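Engineer: what shape does this take:
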Amino acid sequence: MARILKITFTMLLFMVSMSGFAQIVTIFNMQYIDGTPIPLGGTIEIEEGGESRIQFAILIEQMNGSGGTLKVLTEIFQGAPPLEWTSETIFSGGTTHLTSADITLEAGMFNASGGILYAQFKYLPFGVAYNSGNYNIVVVPGNNDCTLSAPSNKTTSNITPNSATVGWTPVSGASGYHSQYKPTNSSTWTTINNGSSSTSHNISGLTPSTSYEWRVRSRCSNGEYGEWSNNVPFTTPAACGLPAPNGLMTTNITDTSARLDWNPVSSAVAYQVQLQDFPTGSFSTVAGNISGTTYNLNNLSPQTTYRWRVRARCNNGFYSGNYGTSLIFTTQQVCPQNQNKTEEVLDGEVDIDDSELTLNASNIIFDGGIAEYDTGTTLLLKPGFHAQPGSDFWAYIEGCTPTLKSSETNEEAIIDRWKEVKLSPNPTRGSFVVRSDDKMSDWALSNQFGNLHKQGHFHKDSSKELELNISEYPTGIYFLRIEFADGEIVTKTIIKE
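Structural biologist: You can find the predicted model right below:
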């Protein structure tokens, strides 16, 4: 019978007199998991095609207060580098150190001539290494009572540069399976899963452009395993190393949608967009295989903050791991059908609002206040409405435009930019001058009903000042909409006497 999980074992560690050990590092009290002892310096047997789980104690003597690193190593007899099983850092201060180890050795890790197991302690101050005595490792013919056949119909799917999924057909009577993989040019197998009854497992952490192979065997109800299957080869594709797209922009933000744009990446054949409910959500893919550099997000939630990112796809069908920067945006609130504005707008406050159909205003906009109202069909300035001199008020009949709504941070920026723009004289009987500390690019003049009267551009050599004449227009309130070179828009009120 193979020496594998049969009974529960509790290792008994005992202190050994320093005078009884001539070596600095000693392995002792070694036994198999079933309790069968292995003599000091003896032989560890592993049945062919099987495994042996062993437990043992390690004693370090004559430490003299110095620290170091303790490792358990195995070697095969054909010059391969040691294989590390455990590693423990021991800090200075003691004269002896006692510890334990529990490892499982698989026959496939050793060739027909077997190998050795030993412990090594390396002093930190000097880098001097001391090895324990060796235990021999031999692979012996198996006495396996498990006659289950190896699984068939083995498949390798979802192969990416760093992962793959392996699967097989269930074997009647099997209580579980043991699967392993390794690079084709390596002799060391790595366990994918041992004991699970699942017939599909994912392998991660693979290297791009590398050949691998995997195998699987069935487990009987007595805990033993049948023969290994034949090795199944597969090769991971090359990784996609395209850079992340730059120039990300979010525009046309409404209560339920937004437009995403980015610059193209050379050699990219498509793009993938991921979206996050910011800041606590996880990124999820909302669109893949996007052929262009624009994507319209829909079905968003009003007044919700999102973050998005994009990556490029190579012509081998795989996406780059480079996302680069991400952008954050907030959707607007739902635009109501009708609104009644009664709240006062005080000095330094900004009130930007709109409605789909009708907006009734009966409020006061005080000196230094800013108000912008937009409605789809009707805007009524009812009794009680008053825009005091020094305030800034404008209204539009152009439908619900929720993108005009501002956050608190944007309101502060609007106030600063609005105060920079000066109109004088105001009121005026005809001509007035527009002045700003920043460069202006375009302007448009409309009346209180939203009718456009004239528009134009600022000349490059006079982009901070412009003289306009409205002497031919009737007495009333007019709105001068100014667009700055950086794209920001400010609207000022001019009164024609």
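
Engineer: which residues sit in contact with residue 389?
Structural biologist: Going by Cβ atoms under 8 Å, 6 or more residues apart in numbering, residue 389 touches residue 367. Placement of C-beta: from N, CA and C, glycine included.

Engineer: if you set the cut-off to 10 Å instead, what comes out?
Structural biologist: Contact partners of residue 389, counting by Cβ atoms under 10 Å, 6 or more residues apart in numbering, are 367, 426-427, 493, 495.

Engineer: any weak-confidence spans in the stretch 101-250 of the chain?
Structural biologist: Counting by pLDDT under 70, the stretch 101-250 of the chain shows low-confidence ranges at 111-112, 125-126, 142-144.

Engineer: how does it look with 80?
Structural biologist: Counting by pLDDT under 80, the ranges of the stretch 101-250 of the chain that qualify are 108-113, 124-127, 141-145, 187, 223.

Engineer: any idea which element the spatially closest residue to residue 308 that is not a sequence neighbour lies in?
Structural biologist: Sequence neighbours aside, residue 275 is the residue nearest to residue 308 in space, at 5.1 Å (criterion: Cβ to Cβ, 6 or more residues apart in numbering). When secondary structure is defined using DSSP states H and E, the element that contains residue 275 is strand 270-277.

Engineer: with adjacent residues omitted, what lies nearest to residue 97?
Structural biologist: Setting aside the residues directly before and after it, residue 97 is nearest to residue 60 in space (Cβ to Cβ, 6+ apart), at 4.3 Å.

Engineer: isn't the one you found right up against residue 131?
Structural biologist: No - under the criterion of Cβ atoms under 10 Å, residue 60 makes no contact with residue 131, lying 11.7 Å away.

Engineer: the more surrounded of those two?
Structural biologist: Counting neighbours by other Cβ atoms under 10 Å for residue 60 and for residue 131 shows that residue 60 has the greater number, 23 against 15.

Engineer: so how far is residue 364 from that one?
Structural biologist: Note on residue 60: its distance to residue 364, by Cβ to Cβ, to the nearest Å, is 86 Å.

Engineer: try residue 53
Structural biologist: From residue 53 over to residue 364 (counting by Cβ to Cβ), the distance is 85 Å.

Engineer: using the three-state scheme, assign residue 108.
Structural biologist: Of the three states, residue 108 takes helix under DSSP: H, G, I helix; E, B strand; the rest coil.

Engineer: okay, the strand holding residue 275 in CSV with CA atoms only?
Structural biologist: What follows is strand 270-277 as a C-alpha-only set of coordinates in CSV (Å, rounded to 0.1, in the frame of the first residue of the first chain):
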residue,chain,number,x,y,z
ALA,A,270,-9.5,46.7,-31.5
TYR,A,271,-10.1,48.1,-28.0
GLN,A,272,-11.8,47.1,-24.7
VAL,A,273,-13.5,49.5,-22.3
GLN,A,274,-14.0,48.8,-18.6
LEU,A,275,-16.2,50.7,-16.2
GLN,A,276,-16.2,51.1,-12.4
ASP,A,277,-18.8,52.4,-10.0
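
Engineer: next structured bit after it?
Structural biologist: Reading on from strand 270-277 to the C-terminus, the next helix or strand found by DSSP H and E is strand 284-290.

Engineer: could you find the closest non-adjacent residue to residue 191?
Structural biologist: In space, and not counting its chain neighbours, residue 191 is closest to residue 180: 5.5 Å by Cβ to Cβ, 6+ apart.

Engineer: before we move on, back to that, residues near the residue nearest to residue 308, how many?
Structural biologist: When neighbours are counted by other Cβ under 10 Å, residue 275 registers 20.

Engineer: report the beta-bridge partner residues of it.
Structural biologist: Applying DSSP bridges to residue 275 yields these beta-bridge partners: residue 284, residue 308.

Engineer: any idea how far residue 256 is from it?
Structural biologist: Applying Cβ to Cβ, one obtains 14 Å for the distance of residue 275 from residue 256.
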